[in-house]
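S.K.: need a 3D model of the sequence below.
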Amino acid sequence: MFRRSNFNFSFIALIGLAALALWLDNITEPLSPGADDEPYQQPDYIVENISGLRMEHAQSIQHVFHAQKMLHFINHDFTKLSDIHFMHLKPDTPPFRVSANQAEIHNNGEDIYLAGNVNVIRGNDDDDKKIIMETTTLHLIPGRELVQTDQQVVITRLNTTVHGTGLEFNNNTNKIELLSRVRAVDR
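M.R.: Modelled structure (predicted):
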């Protein structure tokens, strides 16, 4: 009788372990690649209320930014920012400020895509040569100091307002090129 109860206990323990292994296998099964909640679609880190400064000492150039929230996605190697403010400071040129609701940074900061209430201000607030531009999307290329969009833009300077669709702005040459449907109003 002692041997039989020992066998029953061993058999029941073996069945219990097999059931536990099957249950663990089912709950730890990886998500399918097409699932919406795929782990690689989630950010690998989130930072709130972030500010940063990048300086090029040889040329005395500064890039300053502030964002309410930053999310980095490792699978596509890009960063999303919300409520973003950029500032580019370079000696002997007016400051260049950009703000938007959202931004995506790609290629280690070589391409920055802004969306939602994009405002660009070139110049100081008290400067009569200050230029203000408003649009819905904007592509910044900081290395070339180039700004591009294919959307409608409104540019204001002093009493003049210019409307257009599509824009290229080169901060090095101070050249603004409106690509189509240009209309100017002088107040």
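S.K.: wait, H88 sits on I112?
M.R.: No - H88 lies out of contact with I112 (C-beta atoms under 8 Å); the separation is 11.2 Å. (Glycine included, C-beta is placed from N, CA and C.)
S.K.: give me the common contacts of those two.
M.R.: P142 (C-beta atoms under 8 Å, 6 or more residues apart in numbering).
S.K.: can you give me how far the host helix or strand of I121 is from the chain middle?
M.R.: Using DSSP states H and E, I121 sits within strand 111-122. Centre-to-centre, strand 111-122 and its host chain are 11 Å apart (C-alpha atoms, centre = their mean, to the nearest Å).
S.K.: enumerate the positions of the following helix or strand past it that are buried.
M.R.: Sequence-wise, the next helix or strand downstream of strand 111-122 (DSSP H and E) is strand 131-141. Judged by neighbour count using 16 or more other C-beta atoms under 10 Å, the buried positions of strand 131-141 are 131, 133, 135, 137-138, 140.
S.K.: also stretch 112-124?
M.R.: Buried residues in stretch 112-124 (16+ other C-beta under 10 Å): 112-115, 118, 120-123.
S.K.: same question, stretch 156-176
M.R.: Buried positions in stretch 156-176, judged by neighbour count with 16+ other C-beta under 10 Å: 156-157, 162, 164, 166-167, 169, 171, 176.
S.K.: ok, the residues you listed vs A67, which is closest?
M.R.: The shortest approach to A67 among the buried residues of stretch 156-176 belongs to N171, at 21.4 Å (C-beta to C-beta).
S.K.: quick one: S82 and D92, what's the gap?
M.R.: For S82, the distance to D92 equals 33 Å [C-beta to C-beta, to the nearest Å].
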